[in-house]
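*Asks:* The following block contains a protein sequence and its predicted model.
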Amino acid sequence: MKFVTLVSMIAALGGLLFGFDTAVVSGAIGFMQDRFELNEVQVGWAVSSLIIGCIFGAGFSGVLSDRFGRKKVLIAAAILFIIGSLGSAIPDTFTGYIIARIIGGIGIGITSTLCPLYNAEIAPAKYRGRLVALNQFATVTGIFLVYFINSGIAGWGDDAWDIASAWRWMFGIGVLPGVLFFILLFFVPESPRWLIKQGRSLDALNILLRIHGEEAAKQEVLDIKQSFAQENGSMKQLFSPGLRIALIVGVVLAVLQQVTGINAVMYYAPEIFKTMGAGTNSSLVQTILIGFVNFAFTIVAIWLIDKVGRKALLLIGSSLMTICLAVIGIAFQTGHTTGPLVLVFLLIYVASFAISLGPVVWVIMSEIFPNRIRGKATAIASMALWLADYIVSQSFPPMLASAGPAITFWLFGVMSLITFVFTWRVVPETKGKSLEEIESLWSAK
Ligand code: BGC
């Protein structure tokens with residue numbers, strides 16, 4: 001157990017890096033805009049360049065890790081992450097920064113896909129579900145942590161110092177978790193499933209002995225060998241009538257998780273608060289509040305997800321999100337942005353996301369596909385998620401400038417309404433069902 005805990009904590013550190021590095025830019029972007037005199041499209045690019053790297057990292061991680069092993073590719077990702085953090089802290093040109101962020105993004109794309117996969121491959125079956133949720137918990141912890149750090153760093157100096165140096169420290173500090181991840185990876189074993197695929201059953205057995213004890217370990221080797229027989233599903237199978245619906249559910253939910261606007265808030269919160277009249281420091285403090293609510297309600301979700309069910313959480317969350325976004329839009333439209341109204345509804349919006357789309361989409365993505373196509377199908381859905389994330393984070397600043405905040409938030413509201421309807425009509429409840437029972441849902445359709 002101790003061994004499994006250690007290994008999953010290291011893999012969870014990957015989730016923390018994911019949250020940390022995607023959200024760090026929120027504190028830096030205002031200062032960088034002044035430092036490099038960026039227009040709205042460039043501001044979008046400064047935030048979304050990392051996500052471009054993520055799309056590629058997520059896309060290649062499967063092929064690379066099948067070839068070289070999970071562990072080596074994760075170590076490579078840690079190196080990319082360290083280069084990315086250092087590289088975005090030191091450049092004197094905007095292009096240098098963008099290149100560094102894309103490099104770091106490749107590392108994040110790899111860890112975001114391989115850490116959960118590695119966890120699932122090494123953990124005993126009964127802990128698998130919890131590990132998916134643990135990963136989301138690590139992500140929101142990373143986001144919360146980085147908001148704190150950003151606010152602390154901005155307080156070290158005056159405005160001129162912030163514009164010249166604060167953003168460099170914000171990115172640079174990411175080297176620390178990166179190095180920690182790099183070192184710890186040397187203490188985890190290679191995935192036994194990968195070893196068996198390479199014909200190295202004896203090495204795999206040695207690792208499984210440390211997890212399960214002798215009897216169970218030998219059985220596990222046999223089970224793994226047997227499960228490979230079921231896993232050669234082709235791309236064509238993915239589009240067969242039954243499974244097509246599973247694929248649609250996975251991809252559409254992945255896209256809806258992003259186009260309902262969460263990362264407009266996660267990546268741009270301080271900028272949103274500034275447009276409402278807050279100063280630099282108070283905008284960073286209000287952002288910490290956002291991070292805290294996201295963190296706290298993710299814990300609530302982990303507690304609720306197996307009791308209330310995935311579908312119920314999605315329905316409750318998306319309807320609350322729709323209401324909040326409608327109110328926020330009205331507040332901007334009518335100029336009621338100086339009081340606490342927008343902050344309060346933004347917090348309820350984030351809480352509603354944290355109990356629903358945030359964790360539930362990742363859980364559903366990991367459980368709705370049958371064994372034989374799970375790898376390919378999950379990769380397609382997670383690439384769709386990153387692509388949608390890219391579109392939202394790139395277009396948010398230009399949208400604010402051209403269409404205005406009211407229309408922008410209403411648009412996210414319409415997407416939340418679509419999420420409600422889609423969940424209600426199409427998404428099945430998977431709570432308490434075994435993976436085999438879930439599989440039979442699709443053939444019944
Ligand atoms: C999403 C991320 C988002 C985070 C916020 C995750 O489920 O995939 O894009 O930043 O939740 O908590």
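*Replies:* Great, that's in hand.

*Asks:* hey, let's count contacts and neighbours off CA atoms from now on
*Replies:* Noted.

*Asks:* ok, which residues in the stretch 101-250 of the chain are in contact with the ligand?
*Replies:* residue 140 (C-alpha under 6 Å from any ligand atom).

*Asks:* Contacts for stretch 355-374 next, please.
*Replies:* 129, 132-133, 136, 230-234, 237-238, 243, 246-247, 250, 253-254, 257, 297-298, 300-302, 305, 310, 313-318, 377-378, 381, 430, 435-436, 438-439 (C-alpha atoms under 8 Å, 6 or more residues apart in numbering).

*Asks:* Compute the first-to-last residue distance for that stretch.
*Replies:* This stretch, stretch 355-374, spans 25 Å end to end (C-alpha to C-alpha, to the nearest Å).

*Asks:* which parts of stretch 229-246 are buried?
*Replies:* Of the residues in stretch 229-246, 233, 238, 242, 243, 245, 246 count as buried by neighbour count, 16 or more other C-alpha atoms under 10 Å.

*Asks:* thinking again about what came up before, of the contacts of stretch 355-374, just the buried ones, ChimeraX syntax please.
*Replies:* If you want just the buried ones from the contacts of stretch 355-374 in ChimeraX, going by 16+ other C-alpha under 10 Å, the selection is:
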select :132,133,136,233,238,243,246,247,250,253,254,257,297,298,301,302,305,310,313,314,315,317,318,377,378,381,430,438,439
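
*Asks:* Tell me the residue of the stretch 301-445 of the chain that sits nearest the ligand?
*Replies:* residue 358 (3.7 Å; C-alpha to the nearest ligand atom).

*Asks:* Give me the pLDDT for that residue.
*Replies:* You'll see residue 358 listed with a pLDDT of 95.

*Asks:* now swap in the one 4 residues further on and tell me
*Replies:* Taken from the predicted model, the pLDDT recorded for residue 362 is 89.

*Asks:* And residue 313, how far from residue 412?
*Replies:* Per C-alpha to C-alpha, residue 313 is found 19 Å from residue 412.

*Asks:* Pick out the most distant pair among the buried residues of stretch 229-246.
*Replies:* Maximum pairwise distance among these (C-alpha to C-alpha): 16.2 Å, between 233 and 245.

*Asks:* Do a quick rundown of the helices in the stretch 151-300 of the chain.
*Replies:* 159-161, 167-172, 175-185, 192-197, 201-212, 214-229, 235-238, 241-259, 262-275, 280-304 (DSSP state H, counting those that start in this stretch).

*Asks:* Comparing the ones you listed, which comes out most buried?
*Replies:* Highest mean neighbour count among those (mean count of other C-alpha atoms under 10 Å): helix 167-172, with a mean of 23.

*Asks:* contacts for that one?
*Replies:* 24-25, 27-29, 31-32, 85-86, 88-90, 149-150, 153.

*Asks:* The residue of the stretch 51-200 of the chain found nearest the ligand sits in which helix or strand?
*Replies:* Nearest residue of the stretch 51-200 of the chain to the ligand, counting by C-alpha to the nearest ligand atom: residue 140, 5.0 Å away. Secondary structure assignment for residue 140, by DSSP states H and E: helix 128-154.

*Asks:* Below-threshold pLDDT in this structure: ranges please.
*Replies:* Applying pLDDT under 70 to the chain picks out residues 1, 123-130, 230-233, 444-445.

*Asks:* From the chain's centroid, how far away is stretch 34-52?
*Replies:* 20 Å (C-alpha atoms, centre = their mean, to the nearest Å).

*Asks:* Give the buried residues for that stretch.
*Replies:* For stretch 34-52, burial by neighbour count (16+ other C-alpha under 10 Å) applies to 35, 38, 40, 42-52.

*Asks:* who's in contact with the helix or strand containing residue 411?
*Replies:* Element membership for residue 411 (DSSP H and E) is helix 405-426. Contacts of helix 405-426 with the rest of the structure, by C-alpha under 8 Å, 6+ apart, involve 249, 253, 256, 259-261, 311, 314-315, 318-319, 321-326, 328-333, 396, 399-400.

*Asks:* Skip the chain neighbours and tell me the closest residue to the residue in the stretch 201-350 of the chain positioned nearest to the ligand.
*Replies:* Residue nearest to the ligand within the stretch 201-350 of the chain: residue 263 (5.4 Å; C-alpha to the nearest ligand atom). Once flanking residues are discounted, residue 263 sits nearest to residue 393: 6.7 Å by C-alpha to C-alpha, 6 or more residues apart in numbering.
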